[in-house]
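# need coordinates for the following:
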Amino acid sequence: MIGVLAFLGAASKGHSVFGPLFWIGIGSVLIYLKREKDDNNKKDTAVTQTTPKQPELSLAKEPTAVADEVEQDMPVSFEQKEAALCLVAFFAGYNDDVQTNNAAYLLSYQSAVFFGITNYKSTLTAALPKYQDADKLIDTVLTIKDKKSKEFILLTCYDLTKMSRKAEAHEFLYNIADEMGYDKARLDRLVEQHSDRPIYY
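Coordinates of the predicted model:
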């Protein structure tokens, strides 16, 4: 809550917002990682030793292929765009160093351009109080089905994470990416495929 108030104060006075965002980020990360750990523990205890029969495997592949096609080009609502901006700003908040602050802001601003939001600061300022709950933020981002939008979010957050050099940011990003359908190997391939993008770190 203190981080949110500091952010609103900084934004209203035209000061850098990424210092306050960092503290918002730390609190959200701790909550999210604890819940992730609890969920993983529940999944581990629920694993069974049974192996599905081959016909069941072949039938399960068809819906996956259809889902991949459907997610190619889907509209993104304004609420989803707001959540995406907040998630990107969250990872930008890890860059509290003066040397990376400007680059982090530039990457965050690019997310507004990508989603067609012209009033970046006011939109972000209005959206952040809605997503103080990390679960709500992640759940909203996970509803985005458009492939280009998902990959833009992941690449932008990856660059911000790489720039910050903070291990907890990497762990948090890989957890989110996995829930979006990009395990570590797939995310690494995505990064490699877009190696020609501007590098800020």
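
# how close does the residue nearest to Ala84 when sequence neighbours are not counted sit to Gln193?
Spatial nearest neighbour of Ala84, chain neighbours left out: Ile153 (5.4 Å); criterion: Cβ to Cβ, 6 or more residues apart in numbering. (C-beta placed from N, C-alpha, C; glycine too.) Going from Ile153 to Gln193 by Cβ to Cβ, to the nearest Å gives 15 Å.

# point out where this protein drops to low pLDDT.
Where the chain drops to pLDDT under 70, the residues are 1-72, 98-99, 200-201.

# any chance you could map the helices in this structure?
Secondary structure of the chain (DSSP state H): helices at 2-12, 18-45, 54-70, 78-92, 98-114, 120-127, 134-142, 147-164, 167-179, 184-193.

# re earlier: out of Ile153 and Gln193, which sits in the busier spot?
Taking other Cβ atoms under 10 Å, Ile153 and Gln193 do not tie; Ile153 has more neighbours (24 against 11).

# my guess is that one contacts Ser111. True?
Yes. Using Cβ atoms under 8 Å, Ile153 is in contact with Ser111, at 7.5 Å.

# any shared contact partners between these two?
Shared contacts of Ile153 and Ser111, defined by Cβ atoms under 8 Å, 6 or more residues apart in numbering, are found at Ala84, Val88.
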